[in-house]
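*Asks:* Okay, here's the prediction I keep looking at, along with the sequence it came from:
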Amino acid sequence: MASSHELTLNLVLPNGATRDVPAGTTGRDVVASIGPGLLKAAIAVAVDGDVFDLMTPLRKGGAFVVLKESDPRSLDLLRHSGAHILATAVRRLRPDAKIGFGPAIDDGFYYDFEVDKPFTPEDLEAFEAEMVKVAAEKFPFLREEVSKSEAQKRFADDPLKLERLAEFSDDEIISTYTDGPFIDLCRGPHVPDTSYLKNFKLLSAAAAYWRGDETRQMLQRIYATAFWKKDELEAHLHRITEARRRDHRVVGKQLDLFMFHPFAPGAAFWTERGTLLYNTLVDFVRGLQRADYKEIKTPLLYNKGLWETSGHWGKYRENMFLVLDSETSEHDFSLKPMNCPSHYLMYLAKKHSYRELPLRYATFDVLHRNEISGALSGLTRVRQFAQDDCHVFLMQSQIRDEVERLTKFILGYYSAFGLTARLKFATRPETRIGTDELWDGAELALREALDATGLPYELKPGDGAFYGPKIDFDVTDSIGRHWQLGTIQLDYNAPDRFDLNYTGEDNADHRPVVIHRAVSGSFERFIAILIEHFAGAFPVWLAPEQVRVLPIADDFAPVAREVTQRMRDAGIRATLDDGNDTLNYRIREAETMKTPYMAVIGKREAEAGTLAVRERGQGKKQEVVAVDAFIARVLEEIRTRALPVAVES
RNA sequence: GCUGACGUAGCUCAAUUGGCAGAGCACCUGAUUUGUAAUCAGGCGGUUGCGAGUUCGAUUCUCGCCGUCAGCUCCA
């Protein structure tokens, strides 16, 4: 903190002008000296990229920028201040509530309270109304820097704050922020006063452990969000309701795709329709991999010796399903939670030449992981699933080309669904195996491969696995949500543990590198994402039922049956609904099931050899086409995997 | 796993202070033969998740178990 001893701070404004101010001058004074108009719009300032609010004394000089609402960094201030305003309101209505932490988070903010009884939805409404009042009262956020003993005095009634205070060293700056009746131990920064909070919404209340520690007491956390602009808030709330409407658990039931049963918690039952969807996806991946991957199947059950070799028997065992061996009466066997070790066994079964590399083993086997019961959630967190798993065995020198190839493969797969991805490059973590030279080489190869794709990527230093760096694929769906799906991970550990070798050009043994690759994470989770992405209205090639044929009356059922059969023979998933119900009723049924096409056959069509085609979601708009032309058109849509014209929103 | 909420017909939901468990849809039967989002009538359907307890009496109150949902990283 050498800079805090500077007497004069040199601030460089964006236009190049400089300003010398005494250390301890607040941002507000500096901004005011630039212009009163600017002060009105200012939310905070940044010095050399560090954000300070207007009431904080500046202790260092550097590049000086005034943050207005338009600066994305200012939103965090609004939200963090929102948390204080929430606490202000809660304390007014529930003076006994002890306060925990209240930070801004990605989509809003929260505040933790220790209370005897959990908050009810009615409580939240009352708090929200009170927050409106607090905002209207326009309390300035007052910052004070105090000694530790003074702070302990101020928070004498707040045990959670005292606990935090006890952790401060004596030379740290301890600050408090006060807005009206509420004082909080807080580093800041904050907006100037409570009236800045205009567009906010309390979302939910739920329990959270104090400091995320399950051995500590439960607090009541209130989640909320806030935006500068009303339409931004409304868009966010709309996204929340839209996500609820598309919930794959609800849609999956409506479309009759899968179910769960208490006798198999965390494992999906796939209905006939769901299985069609599932298999279509698997077939798609299989087709893409036909040329240069070797698909293999390996056992589901293994002796613990394999997991001891792989290292999973130690820490990961609690996540594995152990199976009792009736001869030894011990849990010596386990269902595989991943395919990697079994692929190594397959690799070890033969001698391999450098000429074979890169060697790509792909597997769609069922995996089991014993997730804790509270983590289970629909298809997104399950105990039984299948990955589109692949392990590449290759030489160090091949990493760059291979990663580039895998990256393009994964992105190509996503684009088939209209999904876009952001790439994240995770480098060496603090605890890791392998020499620095090895990591240098691996990271360089990955980086070169990434650069070669020409795509932007985000750097996540220290986020790699202990055995190697990785690239993660963060996918954005049609309502703007992010999902971490694919991954490309370099592994220098497994080849050593399993003593994997290949014979090089020099006729000597060499150690290959292993790349773990997954594209959709698991089919289960990916299907959940697709259901929500498409809101159940799958593109024709994916739809379990592609065409529903509807004769208007019994007289046309024979023709309809014949047409249905022709479609099926052509490879279209067509069904006939010649039920006793009215046409209106049957159309409604088909629409509800999000069937892409309805083909209606009445007198006119039967005589002319045509179909009155109704497209999903297009209402009465219909098109009369020849049966053959329609079949050709659907087949073409399947072949090109055409996406719905507008991914419904 | 922990905290909280929830669990009623295949589905979505009702059931005043504890007093015979209902509706719509689905399903079955019959009538109707339908021209682009629900034809009409009748009928079937339940050990109220499971197991204990309190009570004259439990869907309702208490406890245990099972399951589902939300939250449990984002740091004063």
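*Replies:* Received, thanks.

*Asks:* neighbours around whichever residue of chain A sits closest to RNA strand B, how many?
*Replies:* Residue nearest to RNA strand B within chain A: A:Gly374 (1.8 Å; CB to the nearest atom of the strand). In this view, the C-beta of every residue, glycine as well, is placed from N, C-alpha and C. Neighbour count for A:Gly374, taken as other CB atoms under 10 Å: 7.

*Asks:* same thing with A:Gln220?
*Replies:* Counted with other CB under 10 Å, A:Gln220 comes out at 21.

*Asks:* do A:Glu144 as well
*Replies:* Close neighbours of A:Glu144, defined as other CB under 10 Å, add up to 14.

*Asks:* List phi and psi for it.
*Replies:* Main-chain dihedrals, A:Glu144, degrees, to the nearest 10: phi -130, psi 140.

*Asks:* Quick check: it vs A:Cys186, distance?
*Replies:* 10 Å (CB to CB, to the nearest Å).

*Asks:* Mutual contacts of these two, please.
*Replies:* The contact sets of A:Glu144 and A:Cys186 overlap at A:Ser175, A:Thr176, A:Tyr177 (CB atoms under 8 Å, 6 or more residues apart in numbering).

*Asks:* Quick one: which of those residues is the most crowded by neighbours?
*Replies:* Of all the shared contacts of A:Glu144 and A:Cys186, the highest neighbour tally under other CB under 10 Å goes to A:Tyr177, namely 22 neighbours.

*Asks:* Go ahead and confirm that residue touches A:Ala83.
*Replies:* No. Look at A:Tyr177 against A:Ala83 with CB atoms under 8 Å: they stay out of range, at 10.8 Å.

*Asks:* Show me what the most centrally placed residue in chain A is bridged to.
*Replies:* The structure's chain A has its C-alpha centroid closest to A:Trp483; by CA atoms, centre = their mean the separation is 2.8 Å. On the basis of DSSP bridges, A:Trp483 is bridged to A:Val475.

*Asks:* Quickly list the domain ranges of chain A.
*Replies:* As assigned by automatic domain parsing, chain A contains the domains A:2-67, A:74-244, A:258-300+A:336-533, A:547-640.

*Asks:* Quick one: those domains as a markdown table, columns for mean pLDDT too.
*Replies:* Compiled in a markdown table, the domains of chain A are given as follows (pLDDT from 0 to 100):
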| stretch | mean pLDDT |
| --- | --- |
| domain A:2-67 | 86 |
| domain A:74-244 | 88 |
| domain A:258-300+A:336-533 | 93 |
| domain A:547-640 | 95 |
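
*Asks:* list the contacts for the nearest residue to A:Gln398 once chain neighbours are set aside?
*Replies:* Leaving aside its sequence neighbours, A:Gln398 sits nearest to A:Pro358 (CB to CB, 6 or more residues apart in numbering; 5.5 Å). Residues in contact with A:Pro358 (CB under 8 Å, 6+ apart) are A:Val392, A:Phe393, A:Leu394, A:Met395, A:Gln398, A:Glu402.

*Asks:* again, only using 10 Å
*Replies:* A:292, A:392-395, A:398-399, A:401-402, A:405-406, A:512-513, A:515 (CB atoms under 10 Å, 6 or more residues apart in numbering).

*Asks:* follow-up on the earlier one: relative to A:Leu67, which of the shared contacts of A:Glu144 and A:Cys186 is nearest.
*Replies:* A:Tyr177 (17.9 Å; CB to CB).

*Asks:* tell me the contacts of the closest one?
*Replies:* A:53, A:55, A:80-81, A:84, A:141-144, A:183-190.

*Asks:* let's see 6 Å
*Replies:* Contacts for A:Tyr177 (CB atoms under 6 Å, 6 or more residues apart in numbering) come out as A:Phe141, A:Arg143, A:Asp184, A:Cys186, A:His190.

*Asks:* before we move on, the earlier item: ok so the residue of chain A closest to RNA strand B is a helix residue?
*Replies:* Yes. When DSSP: H, G, I helix; E, B strand; the rest coil is applied, A:Gly374 is found to be in a helix.

*Asks:* who touches it in this structure?
*Replies:* Under the contact definition (CB under 6 Å, 6+ apart), no residues are listed for A:Gly374.

*Asks:* go on, the one 10 residues further on?
*Replies:* By CB under 6 Å, 6+ apart, the contact set of A:Gln384 is A:Ala267, A:His368.

*Asks:* what sits opposite it in the beta ladder?
*Replies:* Counting by DSSP bridges, A:Gln384 forms beta bridges with A:His368.

*Asks:* what sits against A:Glu503?
*Replies:* To be clear, residue A:503 is Thr; Glu isn't right here. A:Ser353.

*Asks:* Apart from its chain neighbours, what residue comes closest to A:Phe364?
*Replies:* Closest residue to A:Phe364 apart from its sequence neighbours, by CB to CB, 6+ apart: A:Ala386 at 5.2 Å.

*Asks:* what does the helix or strand A:Ile527 falls within contact?
*Replies:* For A:Ile527, the host element (DSSP states H and E) is helix A:523-534. With contacts defined as CB under 6 Å, 6+ apart, helix A:523-534 is touched by A:246, A:248, A:251, A:281, A:379-380, A:382, A:385-386, A:477-478, A:483, A:520.

*Asks:* Using CSV, write out every CA atom in it.
*Replies:* Taking Å, rounded to 0.1, in the frame of the first residue of the first chain, the C-alpha atoms of helix A:523-534 are listed here in CSV:
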residue,chain,number,x,y,z
PHE,A,523,-27.3,-36.9,-24.1
GLU,A,524,-29.7,-36.6,-21.2
ARG,A,525,-28.7,-33.1,-20.3
PHE,A,526,-28.3,-32.0,-23.9
ILE,A,527,-31.9,-33.2,-24.6
ALA,A,528,-33.1,-31.1,-21.7
ILE,A,529,-31.3,-28.1,-23.2
LEU,A,530,-32.7,-28.8,-26.6
ILE,A,531,-36.3,-29.1,-25.2
GLU,A,532,-35.9,-25.7,-23.6
HIS,A,533,-34.0,-24.2,-26.6
PHE,A,534,-36.8,-25.2,-29.0
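
*Asks:* Does RNA strand B have contacts with that helix?
*Replies:* No. Helix A:523-534 stays clear of RNA strand B (CB under 7 Å from any atom of the strand), getting no nearer than 10.4 Å.

*Asks:* Packing partners of whatever helix or strand comes next after that helix?
*Replies:* Next helix or strand after helix A:523-534 toward the C-terminus (DSSP H and E): strand A:547-551. If you count contacts as 3 or more CB pairs under 6 Å, 6 or more residues apart in numbering; DSSP states H and E, strand A:547-551 packs onto helix A:557-569, strand A:574-576, strand A:597-601.

*Asks:* Can you give me the buried ones in the lengthiest helix in chain A?
*Replies:* Assignment by DSSP state H gives helix A:73-93 as the longest helix of chain A. Buried positions in helix A:73-93, judged by neighbour count with 16 or more other CB atoms under 10 Å: A:74-92.

*Asks:* In its sheet, which strands sit next to whatever helix or strand comes next after it, and in what direction?
*Replies:* Sequence-wise, the next helix or strand downstream of helix A:73-93 (DSSP H and E) is strand A:98-99. Strand A:98-99 has its sheet partners listed here by DSSP bridges as strand A:108-114 (antiparallel).

*Asks:* what's the next secondary structure element after the strand it pairs with?
*Replies:* Following strand A:108-114 in sequence, per DSSP H and E, is helix A:121-136.

*Asks:* Now do that next one: which elements does it pack against?
*Replies:* With contacts defined as 3+ CB pairs under 6 Å, 6+ apart, helix A:121-136 has these neighbours: helix A:73-93.

*Asks:* can you rerun that using 7 Å?
*Replies:* helix A:73-93, strand A:199-209 (3 or more CB pairs under 7 Å, 6 or more residues apart in numbering; DSSP states H and E).

*Asks:* A:Leu490 and A:Ala465 touch, don't they?
*Replies:* No. The pair A:Leu490 / A:Ala465 is not scored as a contact, 8.4 Å apart, by CB atoms under 7 Å.
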